[in-house]
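**Q** fold the following for me, if possible:
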Amino acid sequence: MNKHQDYLLNQISSPQDLKMLNLTDLEKLAAEIRTLILEKDAVTGGHLGPDLGIVEATIAYHYVFNAPQDKIIWDVSHQTYPHKMLTGRAQAWLDSEHYQDVSPYSSPDESPYDYYTVGHTSTSIALATGMAKARDLSGGHENIMALIGDGSLTGGLAYEGLNNAAIEKHNLVIVINDNQWSIDQNVGGLVTALKKLRDSNGQTAENPFTALGFDYRYVAEGNNIKSLIEAFRAVKDVDHPIVLHINTLKGKGYQPAIAEEEAHHWVAPFDLTNDQPLQKNPATPTVNSVILDVITQQIKNGKQVMAIDAAIPGVFDLENFKKDYPDNYTDVGIAEQESIAFAAGFAKEGGIPILLENS
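**A** Now for the predicted structure:
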């Protein structure tokens with residue numbers, strides 16, 4: 001049953017309907033979307049922090065651009081809950097009887113507003129660059145945008161895409177959704193580079209994007225609809241590749257998700273009144289606990305062991321291990337190919353790599 005009959009979202013059947021709303025209405029809509037994400041995730045489980053943080057950017061994008069003629073490629077597409085609500089699929093959040101009607105990722109089978117079935121990361125820039133090339137050859141003029149999170153930028157394909165996107169001859173917008181998190185904490189030199197940009201309000205000379213040849217813009221208030229509308233209007237119909245860097249808050253609107261970002265990236269069904277999971281895991285040995293016991297004992301025995309994972313330490317219960325044995329742990333970011341090569345190099349020099357991958 002739809003218990004939210006008075007919600008503005010009931011009046012939004014496509015992004016065109018957004019264009020009739022004023023700023024106050026758009027802000028009310030953002031609050032509604034957050035409430036619905038929380039209510040549904042509490043029942044079904046799902047990605048929480050990423051979607052709470054991207055609400056204003058999604059509204060502002062669809063307010064300014066003209067989808068599906070203008071195209072946005074999501075990276076990764078688990079942050080598309082607000083996008084789905086604004087593109088004719090809101091019933092899957094408004095009505096609990098329809099909670100299972102849509103997938104948690106973008107899906108061309110569901111909607112003409114989705115262009116790829118993408119469940120993983122780092123692909124959006126390469127995909128957008130290919131689409132821009134096809135548009136140019138056919139004489140089209142639609143806007144092509146890739147929206148990529150800072151966590152996805154730790155994957156190698158993102159850099160390959162940036163390298164080619166920088167020399168695109170016509171319109172191509174890359175939005176970097178910088179919430180300072182991947183699934184877990186971000187790693188590597190990317191952390192330093194983005195922090196320098198944030199701390200300088202986008203003005204530092206140490207800008208990797210301008211160094212590649214991109215035009216660059218920065219939005220400090222990436223959860224402010226007015227600021228984002230202005231920023232999107234400024235890059236709409238741009239005739240060259242540009243990076244729009246927006247500073248957002250993962251988990252915005254739900255304090256537990258702000259306080260514990262990693263634990264609220266994805267959640268199992270939980271009690272909204274106290275943030276507690278509805279089903280607690282039994283305190284029995286698991287595959288993870290046994291593996292960690294073995295690794296820990298090997299380290300204590302003097303073995304040169306290195307536990308390696310690709311951006312998902314929580315999946316393997318590595319939180320305590322990486323604190324207790326920081327020299328024996330490496331997170332390579334969301335780059336499985338890097339983890340394999342890193343492990344091979346570590347083994348070549350006599351170490352014992354333990355590669356933890358999520359199949």
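**Q** I figured S289 hits D317, correct?
**A** Yes. Between S289 and D317 there is a contact under C-beta atoms under 8 Å: 6.8 Å. To be clear about C-beta, it is placed using only N, CA and C from the backbone, and glycine gets the same treatment.
**Q** distance of the residue nearest the centre of the chain relative to Y254?
**A** In the chain, the residue lying closest to the centroid (C-alpha atoms, centre = their mean) is G149, at 4.4 Å. As defined by C-beta to C-beta, to the nearest Å, G149 lies at a distance of 18 Å from Y254.
**Q** and for H264?
**A** Going from H264 to Y254 by C-beta to C-beta gives 7 Å.
**Q** tell me which stretches of the stretch 1-150 of the chain form strands.
**A** Using DSSP state E, counting those that start in this stretch, the strands of the stretch 1-150 of the chain run over residues 46-47, 71-75, 144-149.
**Q** what's the answer for the stretch 251-359 of the chain, then?
**A** So, for the stretch 251-359 of the chain - with DSSP E, counting those that start in this stretch - the strands run 266-267, 270-271, 276-277, 305-309, 329-331, 352-356.
**Q** give me the sheet partners of the fifth one and which way each runs.
**A** So the one you mean is strand 329-331. Here strand 329-331 is paired, per DSSP bridges, with strand 305-309 (parallel).
**Q** can you give me the buried ones in stretch 202-218?
**A** Residues of stretch 202-218 classed as buried by neighbour count (16 or more other C-beta atoms under 10 Å): G202, N207, P208, F209, L212, F214, Y216, R217, Y218.
**Q** over to stretch 46-60?
**A** For stretch 46-60, by 16+ other C-beta under 10 Å, it's 46-60.
**Q** quick check, nearest of the residues you listed to A259?
**A** Of all the buried residues of stretch 46-60, G49 has the smallest distance to A259: 10.8 Å, by C-beta to C-beta.
**Q** quick one: pLDDT of the closest one?
**A** On the pLDDT scale, G49 is placed at 95.
**Q** got the contact list for it?
**A** W181, K250, G251, A257, E261, H264, H265 (C-beta atoms under 8 Å, 6 or more residues apart in numbering).
**Q** I'd assumed the second one was in a helix, is it?
**A** No. Counting by DSSP: H, G, I helix; E, B strand; the rest coil, K250 is not part of a helix but coil.
**Q** look up how far Y325 lies from the residue lying closest to it once chain neighbours are set aside.
**A** Sequence neighbours aside, N179 is the residue nearest to K250 in space, at 3.9 Å (criterion: C-beta to C-beta, 6 or more residues apart in numbering). With the distance defined as C-beta to C-beta, N179 ends up 28 Å from Y325.
**Q** repeat for Y7
**A** In terms of C-beta to C-beta, Y7 sits 49 Å off from Y325.
**Q** quick revisit: distance to H141, neighbour count and pLDDT added to the contacts of G49, as a markdown table?
**A** Formatted as a markdown table, these follow (distance: C-beta to C-beta, whole Å; neighbours: other C-beta atoms under 10 Å; pLDDT from 0 to 100):
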| residue | distance to H141 | neighbour count | pLDDT |
| --- | --- | --- | --- |
| W181 | 36 | 21 | 84 |
| K250 | 34 | 27 | 96 |
| G251 | 37 | 22 | 95 |
| A257 | 39 | 25 | 96 |
| E261 | 39 | 22 | 90 |
| H264 | 40 | 22 | 92 |
| H265 | 37 | 22 | 92 |
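**Q** distance to Y159 added to these, as JSON lines?
**A** Below are those laid out as JSON lines (distance: C-beta to C-beta, whole Å):
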{"residue": "W181", "distance to Y159": "19"}
{"residue": "K250", "distance to Y159": "23"}
{"residue": "G251", "distance to Y159": "27"}
{"residue": "A257", "distance to Y159": "29"}
{"residue": "E261", "distance to Y159": "24"}
{"residue": "H264", "distance to Y159": "28"}
{"residue": "H265", "distance to Y159": "23"}
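**Q** show me these that map onto helices.
**A** Applying DSSP state H to these, the entries found in helices are A257.
**Q** wait, doesn't T248 sit right on V175?
**A** No. The pair T248 and V175 fails to qualify as a contact (C-beta under 8 Å) at a distance of 10.3 Å.
**Q** got the buried residues for stretch 88-106?
**A** Along stretch 88-106, these residues count as buried under the neighbour rule (16+ other C-beta under 10 Å): R89, A90, Q91, A92, W93, L94, Y99, V102, S103, P104, Y105, S106.
**Q** please enumerate the helices of the stretch 251-359 of the chain.
**A** Applying DSSP state H, counting those that start in this stretch to the stretch 251-359 of the chain gives helices spanning 255-259, 287-300, 319-324, 336-348.
**Q** need the ones you listed in TSV with distance to G139, can you?
**A** Putting those into TSV (distance: least, C-beta to C-beta, whole Å) gives the following:
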stretch	distance to G139
helix 255-259	45
helix 287-300	54
helix 319-324	53
helix 336-348	37
